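Chemist: Take a look and give me a structure for this.
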Amino acid sequence: MILYDCYKNGYGVSVDLAKALERLELAVSQGLEMAEWYLASLLLDNTGMPVVTQDPDRALAILRRLARKSDDVSAMSLARNTFSSYVAQHFSIHDVSSSDLELITWHTNDRRNIRSTDLLPLARFFAAGESSKDYACSRYRLPRELLIAGSQSGNTQVREACDAQLEAWGVKPSPEVAPTTAQKAVETVKMAGIFGGISIVLIFWSAVGLFLMSVAAAINAFTIPIMLGALIVAFIVSRLRR
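Modeler: Numbers count the residues shown, from 1 in each chain. Modelled structure (predicted):
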């Protein structure tokens, strides 16, 4: 992989894309799973590596295998992302196998590694599987959640596109209304009351604790001399009996 980067980008050597591809294929033949993901990505989109002949079928086969089972966690995560993104953009949900749909659904529900640019294509992909046009119903929960996540993205283009789709479906959430000054004052009074109540409870139980400790100290003050006196009397009686 290091030599692939060197020949591809000219790090320390002249740029030679043919040699870069040769090194990448060698890494793949040696079982390096990250190299397999790199190759699959180039087979889908050879931008920057025109010496690679695009072959989506081979790419998807590699990604499918890595996404389902890989010893390299990073390669598995990237494969799931790339596979789900490509399928969502190039296929209808009706055209994929049940096992591929299960893989994409699992990846989508996980959410942690979904790229913001994939949120809209995935939402449309899953929405196409529903015959109803009631976008507010429970069957559109996943597409709606994806679009809402996209509407909160830091990517302006993604945010605007997801907002537009939510509006087109008529399910765009109403913006939260900022609380008025009176509402803020009421909340402040409530919080003050809660903290005041907690303070009173703490003071009460602290006083109870101090009282119990003083009682225990008083008992100890009387008990210890009595016990010592009893021991002394017992010792004297035992000596007199002798």
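Chemist: Quick one: find the helix or strand in the protein with the lowest mean pLDDT.
Modeler: Ranking every helix and strand in the chain by mean pLDDT, DSSP states H and E puts helix 181-241 at the bottom, with a mean of 77.
Chemist: next one: that helix to chain centre, how far?
Modeler: Put simply, helix 181-241 sits 48 Å off its chain's centre (CA atoms, centre = their mean, to the nearest Å).
Chemist: for stretch 77-90, same thing?
Modeler: Stretch 77-90 sits 18 Å away from the centroid of its parent chain (CA atoms, centre = their mean).
Chemist: Alpha carbons of that stretch, as CSV, please.
Modeler: Once non-C-alpha atoms are left out, stretch 77-90 reads as follows in CSV (Å, rounded to 0.1, in the frame of the first residue of the first chain):
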residue,chain,number,x,y,z
SER,A,77,-16.8,-0.3,7.9
LEU,A,78,-15.6,1.4,4.7
ALA,A,79,-16.9,-1.5,2.6
ARG,A,80,-20.4,-1.3,4.2
ASN,A,81,-20.4,2.4,3.6
THR,A,82,-19.2,2.2,0.0
PHE,A,83,-21.5,-0.7,-0.8
SER,A,84,-24.6,0.9,0.7
SER,A,85,-23.9,4.3,-0.9
TYR,A,86,-23.4,2.8,-4.4
VAL,A,87,-26.4,0.5,-4.3
ALA,A,88,-28.7,3.3,-3.0
GLN,A,89,-27.6,5.6,-5.8
HIS,A,90,-27.7,3.1,-8.7
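Chemist: Buried residues in that stretch, which are they?
Modeler: Neighbour-count burial for stretch 77-90, counted by 16 or more other CB atoms under 10 Å, picks out 77-88. In short, each C-beta sits where N, CA and C put it, glycine included.
Chemist: what does stretch 14-33 give?
Modeler: Of the residues in stretch 14-33, 19-21, 23-24, 27-28, 32-33 count as buried by neighbour count, 16+ other CB under 10 Å.
Chemist: And stretch 147-159, by the same measure?
Modeler: Neighbour-count burial for stretch 147-159, counted by 16+ other CB under 10 Å, picks out 147-151, 153, 158-159.
Chemist: Keep only those of the residues you listed that are in strands.
Modeler: Among these, the subset assigned to strands under DSSP state E is empty.
Chemist: Alright, calling it a day.
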